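Trainee: could you work out the structure for the sequence below:
(2 chains)
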Number of protein chains: 2
Amino acid sequence: MCFLGGERQLKAGSTVTEEARSGFTNRLAAMVAETPVGAFSDAALAAAARAILNFVGTAIGGSTQPSQAILSEAIGVGAESGPSTVLGTRIRTNPLSASYLNAASANVLDFDDTHLPTVAHPIGPVASALLALSQQRPTSGTVLLQSLILGVEVACRLGRSLTPAHYARGWHITATTGVVGAAAGAARAMGLPLEHTSVAMAHAATQACGLVVSLGAMSKSLAVAGAARNGLLSAILAERGFTAPANAIEAPFGFVDLFGANASVDLPRRIDRPGWELESVQLKPYPCAVVINPLVECGRAVAEAVGSDEIATIAAHGPPLLLIRANRPNISSRGEAQLSAQHALAATLLHGQPRLEDFGEAAISDLRLADLRARIGLVADLAHSIDSARLAVTLHNGRVLEWEVGKNVAIGQRMLSPQDLEAKFVTLAVPVIGEERAARIMSDIAGFGAAVDIGAVMEKWNFMEKWN
Amino acid sequence: MCFLGGERQLKAGSTVTEEARSGFTNRLAAMVAETPVGAFSDAALAAAARAILNFVGTAIGGSTQPSQAILSEAIGVGAESGPSTVLGTRIRTNPLSASYLNAASANVLDFDDTHLPTVAHPIGPVASALLALSQQRPTSGTVLLQSLILGVEVACRLGRSLTPAHYARGWHITATTGVVGAAAGAARAMGLPLEHTSVAMAHAATQACGLVVSLGAMSKSLAVAGAARNGLLSAILAERGFTAPANAIEAPFGFVDLFGANASVDLPRRIDRPGWELESVQLKPYPCAVVINPLVECGRAVAEAVGSDEIATIAAHGPPLLLIRANRPNISSRGEAQLSAQHALAATLLHGQPRLEDFGEAAISDLRLADLRARIGLVADLAHSIDSARLAVTLHNGRVLEWEVGKNVAIGQRMLSPQDLEAKFVTLAVPVIGEERAARIMSDIAGFGAAVDIGAVMEKWNFMEKWN
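Mentor: I've put the predicted structure just below:
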């Protein structure tokens, strides 16, 4: 019975040098624990408040999805009670379960946010942990927003160090890095010292999980929800003296070795430069997978130029990853629709852009959309990166028209203006909680920066009261 | 902003062929869901009952560790109540939390069990899920034991398909494969059909986590505990219709691609052959990491031949993995002591074998043990595999003696006789729950096979009653 073949088996995946390893977690932890209150610009704090509004909106909007009810019942929240709100519902539970369910609902509609350099959605895990915690331990708005910035900073910095191979290989980066970000954010909100912050991140590292193959099904929520819950748990455990090797992230055979291939943990300390990773986090303009966005941008231009009934066929060119992740000509559920390049593009052609309702049951069985989906073929092209695409549209009259990101379609992702964000929030929240509550929450979150006690503010959101 | 470099980035880690992939989960799920009740030999059922006794003993023994109190408080079990017992304690909670805490306590002393071909400890995650569940849903002893056999079968089959690179690279195989085994076992106990069993395993796959670098600290419990809880949750979710791509394990870019390097999922169906993987699971003879066992076996022979005070130095030769995982000349906690080849060997030289008390606080600061530890050097030798070792002992009188597994020390791991197992149970349980309760539990578990309702049997264990 021979177990190991030899040294070859022990070779780790990364090329991280000893020097680069040394202190990576420690440097991150120092940033989390020791960045002074005055170091956050008004612009960064405002971006954090916008991120919270976007998060709460998507969580409320997602809370009525059938998967959320199953998840709530399975973890037994109906049987308990606690201080923390499951957004959009009457459920109050402990902070761990609330963070779990809120992270799932904020992500379930694929309408949350994107850190463009890594395609992660970092806000959900971090914000879920922080809001749930703030309802148990008095937390000021300043602390909440700064903790969000720092938690997102850690998740995204870690994401950058694993990118691009990590997500491309199949790890769900939102969850794998999100759990560490949630731990870091919670550690800051709890005021943990540097040493405990490192340990919290190490606890998170050993709980990191999430497979991209789960996307498109309800199971995508499991790792995302777990990232929030387990990140929060990690900080609570560290505070209580639960021990860990504090360098679990950069240690040989540790997190970066296992989750990264050719990973680098030698990124310069962002804290030494102006700005934060949060400022690279875009609030999603469309409720579908971000890898589809370049196609959608081209599709918007097509929709302005030609009617959908003029279109015979479309060849949609994108990077290989687009095909691997989003080639779904046939769909039977919201999750699949959100990950279907054909469906999102068809909805764009028909309605000018993909709207929330374009991924619901009616849209999935809409014959006009099915007809358009069937006319769209995806083409893998190594010339394309994750943020580029080209559409070759053949019309019934024989003409072929081309739209390409960077050529006749604007480069970059569409940004939400303050008005767009409010409109997005209304679209998501009003059908669930009504106009009055939605308006109050928008106003409250705009004032988060000045709030003395976020938990007290959330208490007045009054989800417990019966509505409808 | 270029995200992907090209095809190279997309290359997955395994060399699994399409043919081999096809239906791997489905075949496992079919075995779990459809193996007839009559297919289990009396020997297999008896082995399962012994595994349960060993599990309950280590869980009771581990329940008083400081890490368990922190974990219980952090997940808030004090604040709730439920049907399921946290073994060895007065805590009753929901099945998810009970399975979580029991899996942690059963593993915390490193005295649980080992599937030798993979060095995984599969019983904890599976048994924890099943016992906690049986206190909520009436479960007969036959169903419990058969579900244990099948859950362990899945965990070990998956472990074999990932071995050896998986553990050697740094994945904590007990947790990564344990969560899938727990899901499978729970699915059988719940009577889920084949399709839901596949989905339960897919839910587990996306929640798989665990880093070997956490071993030696309290954080090693996090992934092991999570494996039980999340495996059970996976089965509950599948039963309720929570969806997943059922081939998440063998799908391209899925579980095997990510967690295995050169993995094979083409193992023949064990069900077609006599016997079960459980029969390769050894109940641990020593309370320390299994990679140290060959050294301990040599050390037992040394202790019989020479007195510890005659020893000047020892060169302990083993495989590179022994050094990577267990080279700890200095120790400051139980977790480190259990993972210290030097400490375990020193205790063996002094006491004839490593005993439970040799890893407690007194032993850690015992000067005689510290002196012996300082005399032991580890030597990495590619000629050794995980189950071989050689000791070169230099005596004060200048003589050099050698002991080697397979040469003058018996090959293979020491097996526990029925009497050994009872003695082990007594050692673990009596200090925590007293002789009377320990005797009752031993007797009850011996009768598990004939019990109509395991939950009702466990109810009589009466941990709620105050003791000491």
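
Trainee: residues contacting A:Leu237?
Mentor: By C-beta atoms under 8 Å, 6 or more residues apart in numbering or on different chains, the residues touching A:Leu237 are A:Ala200, A:His203, B:Ile70, B:Leu71, B:Ala74, B:Met218, B:Ser219, B:Leu222. All C-beta atoms are positioned from the backbone trio N, CA, C, and that covers glycine.

Trainee: any chance of those residues in TSV, with pLDDT and distance to A:Ser147 too?
Mentor: As requested, the contacts of A:Leu237 are exported to TSV (pLDDT from 0 to 100; distance: C-beta to C-beta, whole Å):
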residue	pLDDT	distance to A:Ser147
A:Ala200	98	12
A:His203	98	17
B:Ile70	98	23
B:Leu71	98	24
B:Ala74	97	19
B:Met218	98	25
B:Ser219	98	22
B:Leu222	98	22
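
Trainee: and the residue in the stretch 101-250 of chain A that chain B sits nearest to, how many neighbours does it have?
Mentor: When distances are taken as C-beta to the nearest C-beta, the stretch 101-250 of chain A reaches nearest to chain B at A:Gly170, 3.3 Å away. Close neighbours of A:Gly170, defined as other C-beta atoms under 10 Å in any protein chain shown, add up to 23.

Trainee: number of nearby residues for the closest residue to A:Ile454 other than its chain neighbours?
Mentor: The spatial neighbour of A:Ile454 that comes closest, neighbours along the chain excluded (C-beta to C-beta, 6 or more residues apart in numbering or on different chains), is A:Ser134 at 4.1 Å. Applying the criterion other C-beta under 10 Å, we find 26 residues in the vicinity of A:Ser134.

Trainee: re the thing from before, which two of the contacts of A:Leu237 have the greatest separation?
Mentor: With C-beta to C-beta as the measure, no two of the contacts of A:Leu237 lie farther apart than A:Ala200 and B:Leu71, at 14.6 Å.

Trainee: these two: which has the busier surroundings?
Mentor: Counting neighbours by other C-beta under 10 Å for A:Ala200 and for B:Leu71 shows that A:Ala200 has the greater number, 34 against 25.

Trainee: identify each buried residue in the strand or helix carrying that one, please.
Mentor: Under the criterion DSSP states H and E, the helix or strand holding A:Ala200 is helix A:194-205. Taking 16 or more other C-beta atoms under 10 Å in any protein chain shown as the basis for neighbour counts, the residues of helix A:194-205 that come out buried are A:Leu194, A:His196, A:Thr197, A:Ser198, A:Val199, A:Ala200, A:Met201, A:Ala202, A:His203, A:Ala204, A:Ala205.

Trainee: same thing with stretch A:433-453?
Mentor: Buried residues in stretch A:433-453, counting neighbours by 16+ other C-beta under 10 Å, are found at A:Ile433, A:Arg437, A:Ala438, A:Ile441, A:Met442, A:Asp444, A:Ile445, A:Ala446, A:Phe448, A:Gly449, A:Ala451, A:Asp453.

Trainee: which residues of chain A fall in strands?
Mentor: For chain A, strands defined by DSSP state E occupy the ranges A:84-85, A:92-93, A:113-115, A:281-283, A:311-318, A:376-380, A:390-395, A:400-404.

Trainee: right, is stretch A:384-398 up against chain B?
Mentor: Yes - in terms of C-beta under 8 Å from any C-beta of the partner chain, part of stretch A:384-398 sits within range of chain B, namely A:Ser385, A:Ile386, A:Asp387.

Trainee: which helices and strands sit right next to the longest helix anywhere in chain A?
Mentor: Using DSSP state H to define each element, chain A has its longest helix at helix A:418-446. Contact here means 3 or more C-beta pairs under 8 Å, 6 or more residues apart in numbering or on different chains; DSSP states H and E; on that basis helix A:418-446 packs against helix A:42-62.

Trainee: okay, the helix it packs on in PDB with CA atoms only?
Mentor: Presented in PDB, the C-alpha positions along helix A:42-62 are these (Å, rounded to 0.1, in the frame of the first residue of the first chain):
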ATOM      1  CA  ASP A  42     -16.300  60.900   1.600                       C
ATOM      2  CA  ALA A  43     -16.400  59.400  -1.900                       C
ATOM      3  CA  ALA A  44     -15.500  56.000  -0.600                       C
ATOM      4  CA  LEU A  45     -18.100  56.200   2.200                       C
ATOM      5  CA  ALA A  46     -20.700  57.300  -0.300                       C
ATOM      6  CA  ALA A  47     -19.800  54.400  -2.600                       C
ATOM      7  CA  ALA A  48     -20.200  52.100   0.400                       C
ATOM      8  CA  ALA A  49     -23.700  53.500   1.200                       C
ATOM      9  CA  ARG A  50     -24.700  53.000  -2.500                       C
ATOM     10  CA  ALA A  51     -23.400  49.400  -2.300                       C
ATOM     11  CA  ILE A  52     -25.500  48.800   0.800                       C
ATOM     12  CA  LEU A  53     -28.600  50.200  -0.900                       C
ATOM     13  CA  ASN A  54     -28.000  48.000  -3.900                       C
ATOM     14  CA  PHE A  55     -27.400  45.000  -1.600                       C
ATOM     15  CA  VAL A  56     -30.600  45.600   0.400                       C
ATOM     16  CA  GLY A  57     -32.600  46.000  -2.800                       C
ATOM     17  CA  THR A  58     -31.400  42.800  -4.400                       C
ATOM     18  CA  ALA A  59     -31.900  41.000  -1.000                       C
ATOM     19  CA  ILE A  60     -35.500  42.200  -0.700                       C
ATOM     20  CA  GLY A  61     -36.100  41.400  -4.400                       C
ATOM     21  CA  GLY A  62     -34.600  37.900  -4.100                       C
END
